[in-house]
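1. The sequence and its predicted three-dimensional model are supplied below.
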Amino acid sequence: MHHYKLKLAAFLAWAATVTCRGVPAPSHEAREDCPAGSVNYTQLAKKLSRTAQIYLSGSDAFDAAVARWSNLSTPVANVVVVPSTEHDVVETVNFANWHSLPFLTTNGVHGSITTLGKMIHGIEIHMSQLNSIAIAKNGKTATIGGGVMSKNLTDALWAAGKQTVTGTCECVSYLGPGLGGGHGWLQGRYGLVSDQFVSMNVVLANGNLITVDKNSELFWAMKGAGHNFGIVTSMTSKIYDIQHPNYAMETLIFSGDQVEAVYKVANEQWLTNGKTMPVDLINWSYWYFDPTTDPDKPVIAMYLIQEGVNAVDAAYTKPFLKLGPITTQALSGTYRDLAAWTGISLDATPCQKTGNANPRFPIYLKSYNTTAQGLVYDLFRQATTNASSPFSNSLFMFEGYSQQGVKAIREDASAFAYREDNLLVAPLLTYTPNGPGLDEVASKLGNQIRQILYEGSGETSLNTYVNYAYGDETPLAWYGSDAWRQNRLHALKRNFDPMGKFSFYAPIA
């Protein structure tokens with residue numbers, strides 16, 4: 001890769017200027033943002049640190065940096081900058097602004113929202129080199145680079161007898177989910193990923209580097225709508241002593257014929273009549289087509305995950321066992337095994353860049369409407385079990401975390417709006433891209449499923465998780481429909497990003 005890592009000397013010799021060639025220009029207005037003539041990236045290279053990197057279109061390094069987990073409505077960049085200091089980020093933003101170039105920050109590249117496709121040229125700022133992790137001497141906080149990945153943080157803290165809330169999937173970044181709130185295995189104890197934030201260094205749209213903490217008006221917005229306001233080069237998070245290293249999981253595989261009965265039990269156990277998920281328990285389930293288990297319809301995989309034990313308490317498993325699952329499996333290990341047990345470890349399929357499109361259609365719920373569960377199961381079955389279906393590898397995800405730590409924090413404490421909801425539900429429609437016609441079929445199916453769940457919820461507004469968002473939802477769905485929330489976000493946007501530089505990921509307006 002040496003000849004692709006265009007560090008200063010090689011870069012200066014190899015590419016004096018690079019034009020905005022090959023930029024899709026569906027309209028005159030879109031084209032105007034790309035300055036006439038050429039952009040001299042050598043001027044940027046001169047200002048970056050020695051270990052910063054610049055990749056130009058056409059190189060293997062560029063292709064690897066821009067590759068995404070989902071290939072639906074992806075952003076288009078002409079150059080990738082890989083900063084190694086926060087000053088490199090400042091210089092890159094200033095350079096982009098000077099040349100009227102759009103820019104987009106990336107790291108884990110698992111965001112699949114279609115609004116990313118609005119970036120049709122510009123600079124990708126790839127944060128992978130800003131990956132430092134430093135635990136404070138008092139052991140209560142850690143300072144984390146803006147490019148740190150979730151697994152790296154978990155492993156580094158674990159080695160020191162510490163942990164904090166991160167996203168569940170090992171291959172996602174730490175801050176990407178966190179800026180949208182961030183669900184995680186430990187949220188029942190401590191709250192969301194963003195609830196751990198103490199302070200952060202942020203490069204604003206104008207290139208200024210500021211520190212944001214509880215004394216800043218921007219702190220509220222960064223915890224739930226942070227993608228709209230700046231680039232976090234580093235942040236300080238609360239961390240905790242490991243209290244319960246051991247975990248157990250019981251996996252129960254059910255026939256789809258039992259769909260209403262399974263979720264009726266889940267409701268009765270934890271979600272209705274004033275009950276709540278125990279703080280030491282997580283309830284996940286997946287629907288997927290596995291012809292080796294059932295050649296006719298998707299199975300239901302119910303995961304009961306318990307903290308601090310070597311076997312899941314029979315009080316949690318017995319009501320499900322009474323339904324007669326097809327198979328059961330008991331596992332025991334540590335916190336670090338959870339991703340592998342639930343199929344989201346580094347070597348699992350969801351962590352691979354396969355070229356597929358992977359749109360999700362998320363909705364928050366307070367409990368399961370079992371009739372709606374049956375209706376959407378039928379739709380999912382029809383879409384996944386047909387031999388010619390492009391969606392046969394799709395997955396339906398039901399995430400039921402313990403909520404005590406989330407609900408212990410006031411609803412107005414951050415831009416994350418959905419502390420009162422108990423379930424995160426999302427069909428993931430995986431398919432090989434084959435033109436806009438198939439994309440439209442996927443969009444129609446995903447939204448039809450979500451609409452049934454919404455109507456069955458009895459809610460008056462659609463509540464969605466911005467980190468899973470499809471892209472056709474509104475800012476009211478991403479950030480809360482309360483007028484005061486929208487007004488506050490719009491006011492902050494006018495103050496900190498009046499030109500809308502950060503508008504490619506679930507924009508506020």
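-> Good, I have the coordinates. Numbers count the residues shown, from 1 in each chain.

2. show me where the stretch 301-450 of the chain has helices.
-> Assigned by DSSP state H, counting those that start in this stretch, the stretch 301-450 of the chain shows helices spanning 314-321, 338-341, 370-384, 404-407, 436-457.

3. Now tabulate the ones you listed in JSON lines and tack on mean pLDDT and mean neighbour count.
-> Placement of C-beta: from N, CA and C, glycine included. Shown next, in JSON lines, are those (pLDDT from 0 to 100; neighbours: other CB atoms under 10 Å):
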{"stretch": "helix 314-321", "mean pLDDT": "98", "mean neighbour count": "14"}
{"stretch": "helix 338-341", "mean pLDDT": "98", "mean neighbour count": "20"}
{"stretch": "helix 370-384", "mean pLDDT": "98", "mean neighbour count": "19"}
{"stretch": "helix 404-407", "mean pLDDT": "98", "mean neighbour count": "19"}
{"stretch": "helix 436-457", "mean pLDDT": "98", "mean neighbour count": "17"}
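
4. Nearest to Leu304, out of these?
-> Nearest to Leu304 among these is helix 314-321 (5.3 Å), distances taken as CB to CB.

5. Export that closest one to PDB, keeping only CA atoms.
-> Backbone C-alpha positions of helix 314-321 (Å, rounded to 0.1, in the frame of the first residue of the first chain) are rendered in PDB as follows:
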ATOM      1  CA  ALA A 314     -35.400 -20.900  35.100                       C
ATOM      2  CA  ALA A 315     -37.900 -18.200  36.000                       C
ATOM      3  CA  TYR A 316     -37.100 -16.500  32.700                       C
ATOM      4  CA  THR A 317     -36.900 -19.600  30.500                       C
ATOM      5  CA  LYS A 318     -39.700 -21.700  31.900                       C
ATOM      6  CA  PRO A 319     -42.600 -19.700  30.300                       C
ATOM      7  CA  PHE A 320     -41.000 -20.000  26.900                       C
ATOM      8  CA  LEU A 321     -40.100 -23.600  27.300                       C
END
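
6. Other residues contacting it?
-> 250, 252, 262, 265, 268-269, 278, 281, 302, 304, 306, 328 (CB atoms under 8 Å, 6 or more residues apart in numbering).

7. Asp497: which of those residues is nearest?
-> Set against Asp497, the nearest of the contacts of helix 314-321 by CB to CB is Leu281 (40.6 Å).

8. any idea how far Thr272 is from the nearest residue to the closest one once chain neighbours are set aside?
-> Spatial nearest neighbour of Leu281, chain neighbours left out: Gln306 (5.4 Å); criterion: CB to CB, 6 or more residues apart in numbering. From Gln306 across to Thr272, the span is 21 Å (CB to CB, to the nearest Å).

9. in the stretch 151-300 of the chain, which spans are strands?
-> 162-163, 197-203, 209-213, 231-238, 240-241, 246-254, 281-288, 299-307 (DSSP state E, counting those that start in this stretch).

10. Val198: neighbour count?
-> Per other CB atoms under 10 Å, the neighbour tally for Val198 reads 16.

11. Looks like it contacts Lys223 (just checking).
-> No: assessed by CB atoms under 8 Å, Val198 is found out of contact with Lys223, at 11.2 Å.

12. Can you check the pLDDT for Asp63?
-> With respect to pLDDT, Asp63 has a value of 96.

13. Would you agree Ile54 falls within a strand?
-> Yes: per DSSP: H, G, I helix; E, B strand; the rest coil, Ile54 lies within a strand segment.

14. Quick check: beta-bridge partners of it?
-> Judged by DSSP bridges, the bridge partners of Ile54 are Val81.

15. so what's Ala357 closest to, chain neighbours aside?
-> Leu72 (3.9 Å).

16. tell me the secondary structure for the one you found?
-> With three-state DSSP as the basis, the three-state label of Leu72 is coil.

17. Repeat that for the one 3 residues further on.
-> Of the three states, Pro75 takes coil according to three-state DSSP.

18. That one against Gly117, yeah?
-> Yes: with contact defined as CB under 8 Å, Pro75 reaches Gly117; the gap is 6.6 Å.

19. Between the two, which is the more surrounded one?
-> Of the pair Pro75 and Gly117, Pro75 is the one with more neighbours under other CB under 10 Å, namely 22 against 14.

20. Next one: the more buried one, what pLDDT does it get?
-> At Pro75, pLDDT is 97.

21. Could you tell me how far it is located from Ile120?
-> 8 Å.

22. what do you get for Ser199?
-> If you measure Ser199 against Ile120 using CB to CB, the figure is 35 Å.

23. swap in Ser388?
-> For Ser388, the distance to Ile120 - CB to CB - is 33 Å.

24. What of Asn283?
-> Distance, Asn283 to Ile120, using CB to CB: 42 Å.
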